[in-house]
Structures are given as structure tokens and as C-alpha cells.
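Asks: Got a sequence here, can you model it:
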Amino acid sequence: MNLINYIKRSRLFTDNLILFSGNAFGAFFTFLFHFYMGRKLGPEEYGALGAILALIYLFTIPLTTIQTSIANFTSHFKSERRYGEIKYLYKASTKKLLLIGLISTLIFLFLSKFIANYLHMAITPIFILSLYMIFSFVLYINRGLLQGLEKFNRFSINLIIEGLIKLIMGFIFILLGFKLNGAVGAIVFALIFAFIISISQLKELLKYKIKRFDTSKVYKYTIPVLIMLTMLTAFYSIDILLIKHFFANEKSGYYTAISLLGKVLFFGSMPITQVMFPKVAALYNKKKPTKHILYKSVLMILMFSIPIITIYFLFSKFIVSFLYGNLYLEASNLLGWFGILMSLFSFVYLISFYNLSIHKKNFLYIVGLFNILEIALIYTFHNTLAQVVSILTVLMFVLACIMLLKVILTKDGKSLNNNSSV
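Replies: Take a look at the predicted model:
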């Protein structure tokens, strides 16, 4: 009973439950979208869709940077009830990033032919993807505000809507015969719809009077965030692009399918990091201890990951056959190992955000070194898909151990009033 009462009182647990539920439903619709596309497109075209997704993950580097920075400053302003500054942050960021989004889109269009040639695919889906950039910049501003304000219920609804619309539009576009172009179009359409919804979710900010502040602090903070997210995103994006380059289209389709199932563990545990980040940032600003939040978050990831990894090892052939079809069975033996790989990455991701929330940046050198090792080793050793997965798993295990030990051996903040039930 004491454990149950503690859980009920713990905001960390309830906020995680809310965002986890939203993320789970959104991910459920997204995975249905991918399983449907995997069957309808076949391994070759689905491999091309996997490359498109890898490009989207790379796009999300600056986007998640924006969201993280906005969330950090919004959390700080909220803790001091400075809502006028939050409104100014909202307005100023939207204006600047709309322009940046437009410029980025033009640059991407200019490079589209080179990208298509490197990935051995048609240029049309690359053109469609360009629409993703403008709206994604402003959507991630709004999601950063929701995260920093700890409006996790609204954040969850937004994620669910995006996943559902993606599934519906993907089904419609495939029925209309658009194939790969339709799959990419559904992803873009869903993002635009989620942005429109996010505007209404922030309408209460309009009642506050704008209070200006020096926004250079925000942009200065984004530099280490951008570096960190570039390195982290590279871990689960570069491998897919290299596989698409080095392997036959059919093999890249197998890898895309297995990697997506593996990413269930990462994207499923991501709400734990998203909830932890503003809470640790707020405690750090008040000069209170923060490690208890990290350790609880690590435990939550373990509780989430272990059952899924076990299922992946025991029922890999059934899962792959049921979700993607018998054409993808050749890579089913990699499913459990990819689950371990993405669980380890989830720990690296969590600890990286924890370090950033307490303004520690020296861990970036370690992450950067392992990025270089990943690329160099895949370029050197890529005889089979199993060889690539083995390399990535060993690298991620060593990196996760180093980063966790580094946190354990450093001193925590000190406070006379340590409230661990935050």
C-alpha cells in the first residue's frame, strides 16, 4: 500500500504515465502505418522509405534542439511565474524560425538530386519531403512550450493526432496508387495537421502581456543542444543511410523493418526523458539535488525494456511474419539484438539530457568519439547485416556504461530541503 500511495503522490510517475500513454498511442498508429507500408510497398520500396525516415531523423536534430531549448527556458520562466517572457519567447521564436525553415527548404531542394543519387532512389519523394521542413520548425516550438509548461496531456494529444492522421492518409494515398510518394505525403500531411492543433493548445498564452528579455541566452544555449542531438541522432540514422548505400535494396528493406521494431524501445521510452528534463532543470535552477530523478528514470526504462526484449528473442519470427510478412523473415534473427541496442541507446539518450539539464557539456567529447567509431567501423565492416548490428551493440554498451559511471562518480546538488517526490 505504501508503494501504491507513493506512486499516486509522485508527479514524476503520473506525468510519465500521461506522456507515455500519449506517446504509446501515437507510436501505435505510426507503427500500424509502417507495417501497412512494409506489406504494400515490399522490401525494396520500404527500404527507400527507411532512407527517407533517416533523413527525417537528421532533420529533427535542429528541431529537437529547438524543442529542448524552448522547454528549458519555458520551465525556468514557469517556475518563477514569468508568463510574459514565455509569450515573448513564443512570438519571437516563431517569427525567426519560419524564415529559417524557408531557407532550409530551399537548400534541401538544391541538394535533392545529390541525395537521391547517393541513396539510389527517385527524386520525387525527396521533393515531397521538402514540405516537411517549414512546418516542422514551428511545430517543435509549440511542443517545446507544452513540454516546458508541463502540459503533458496536451502534448500527448498532439502526438496521438499526428500518428492517427499519418495512418489514415497513408491508407488513402496507397489506395489511390501513390505508393512511396503517398507514404511520404502522409508523413508530411500529418505533421502539418499536428502543427495546426498545437496552435489551439497554446491559446491561453495569448492572455498574457508580452515582456521582452534577452533572447541571446536562448540561442547560446542551443549550441551544446545542437551538438548533442547531432551526435545522438547520428547513432540511429547514419546506419540506415549507410546500409541503403552499401547493401542491395532488398537488404536495406529488411534492415529498415528490423530497426523500426527495435526503435519501439527507444521511442517508447522517450517520454521518460521528456518528463525528466524540465523537472531536473527546475530543480537545478533551485540548487536542489537531481540524481534521484535520473535514477528513477533509469529504472523506468529498464521496466519498460526488459519485457519487450524478452518477447523479441522468444517470438522474433512470429512478430516479423505477422507484422511485415514472410518476405522479411530473413532478418528476424536480428530482432532481439536490435532491441538490446536501442535499449542501450535509450540510456545514453536519457543520461545525455540529464547532463544538459544540469549544464554539463564535457560528455559531448565521449559521444562524438563513439560517433566517429560507428561510421568508421560500418564503412570497414559491412559484410552482413548481423555484423553491422553486432558492431553497433558493442559500441552502445560501452558508451552507456561510461556515461552512467561518469554520472554516478560526480557530486549531486545540495539542499536542506530535498523533496524526492517531485
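Asks: number of nearby residues for residue 379?
Replies: The number of residues packed near residue 379 is 11, by other CB atoms under 10 Å. No exception for glycine: its C-beta is placed from N, CA and C like everyone else's.
Asks: same thing with residue 402?
Replies: 16.
Asks: any idea which element it lies in?
Replies: Here residue 402, judged by DSSP states H and E, is contained in helix 385-408.
Asks: contact partners of that helix?
Replies: 235, 239, 243, 247, 251, 254-255, 258, 291, 294, 298, 331, 333-334, 337-338, 340-341, 344-345, 347-348, 351-352, 354-355, 363, 366-367, 370, 373-374, 377-378, 381-382 (CB atoms under 8 Å, 6 or more residues apart in numbering).
Asks: how about a cut-off of 6 Å?
Replies: By CB atoms under 6 Å, 6 or more residues apart in numbering, the list of residues contacting helix 385-408 from outside reads 255, 334, 337, 341, 344-345, 347-348, 351, 370, 373-374, 377-378, 381-382.
Asks: which among those residues end up buried?
Replies: Neighbour-count burial (16 or more other CB atoms under 10 Å) applied to the contacts of helix 385-408 gives 255, 334, 337, 341, 344-345, 347-348, 351, 370, 374, 377-378, 382.
Asks: Format those residues as TSV; extra columns: pLDDT and distance to residue 270.
Replies: Below are those laid out as TSV (pLDDT from 0 to 100; distance: CB to CB, whole Å):
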residue	pLDDT	distance to residue 270
255	88	22
334	91	22
337	94	21
341	94	16
344	94	15
345	93	11
347	93	12
348	93	13
351	93	14
370	93	20
374	92	20
377	92	26
378	91	24
382	85	28
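Asks: what's the longest helix in this structure?
Replies: Across the chain, the longest stretch assigned as helix under DSSP state H is helix 11-79.
Asks: elements contacting that helix?
Replies: Secondary-structure packing of helix 11-79 (3 or more CB pairs under 6 Å, 6 or more residues apart in numbering; DSSP states H and E): helix 83-118, helix 131-148, helix 152-175, helix 179-201, helix 216-235, helix 238-246, helix 249-285.
Asks: of all these, which lies closest to residue 22?
Replies: helix 152-175 (2.0 Å; CB to CB).
Asks: Would you mind getting the angle between the closest one and helix 11-79?
Replies: 100 degrees (axes from the mean of the first three to the mean of the last three CA atoms, to 10 degrees).
Asks: low-scoring pLDDT stretches of the stretch 101-250 of the chain, where are they?
Replies: Applying pLDDT under 70 to the stretch 101-250 of the chain flags residues 219, 221.
Asks: ok, now with 90
Replies: Residues of the stretch 101-250 of the chain meeting the criterion pLDDT under 90: 101-105, 108, 112, 114-122, 129-138, 140, 147-156, 159, 203-250.
Asks: what's around residue 296, how many residues?
Replies: 17.
Asks: can you tell me the helix or strand for it?
Replies: With DSSP H and E as the test, residue 296 turns up in helix 291-314.
Asks: Mind giving me the packing neighbours of that helix?
Replies: helix 249-285, helix 335-357.
Asks: Residues touching the shortest one, excluding its own?
Replies: Going back to what we said before, that points to helix 335-357. 228, 232, 235, 258, 261-263, 265-266, 269, 273, 277, 280-281, 294, 297, 301, 305, 309, 312-313, 316, 363, 389, 392-393, 396-397, 399-400, 403.
Asks: quick one: contacts of whichever helix or strand comes after it?
Replies: As assigned by DSSP H and E, the chain's next helix or strand after helix 335-357 is helix 363-380. For helix 363-380, the external contacting residues (CB under 6 Å, 6+ apart) are 227-228, 231, 234, 242, 355, 388, 391, 395, 399.
Asks: if you set the cut-off to 10 Å instead, what comes out?
Replies: 224, 227-228, 230-235, 238-239, 242-243, 245-246, 348, 351-352, 354-356, 387-388, 390-392, 394-396, 398-399, 402-403, 406-407 (CB atoms under 10 Å, 6 or more residues apart in numbering).
Asks: Just the CA atoms of it, as CSV, please.
Replies: In CSV, the C-alpha atoms belonging to helix 363-380 read as follows (Å, rounded to 0.1, in the frame of the first residue of the first chain):
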residue,chain,number,x,y,z
PHE,A,363,30.3,14.3,-22.1
LEU,A,364,29.9,15.5,-25.7
TYR,A,365,33.6,14.6,-26.4
ILE,A,366,32.8,11.0,-25.5
VAL,A,367,29.7,10.8,-27.6
GLY,A,368,31.5,12.4,-30.5
LEU,A,369,34.2,9.8,-30.3
PHE,A,370,31.7,7.0,-30.5
ASN,A,371,30.0,8.6,-33.5
ILE,A,372,33.3,8.5,-35.4
LEU,A,373,33.8,4.9,-34.4
GLU,A,374,30.4,3.9,-35.6
ILE,A,375,30.9,5.4,-39.1
ALA,A,376,34.5,4.1,-39.4
LEU,A,377,33.6,0.6,-38.3
ILE,A,378,30.5,0.3,-40.6
TYR,A,379,32.5,1.6,-43.6
THR,A,380,35.2,-1.0,-42.8
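Asks: what sits against the residue nearest the centre of the chain?
Replies: Centroid-nearest residue in the chain: residue 267, 6.2 Å away (criterion: CA atoms, centre = their mean). Applying CB under 10 Å, 6+ apart to residue 267 gives the contacts 23-24, 26-27, 30-31, 236, 260, 342, 346.
Asks: Quick check, pLDDT for it.
Replies: What the model reports as pLDDT for residue 267 is 83.
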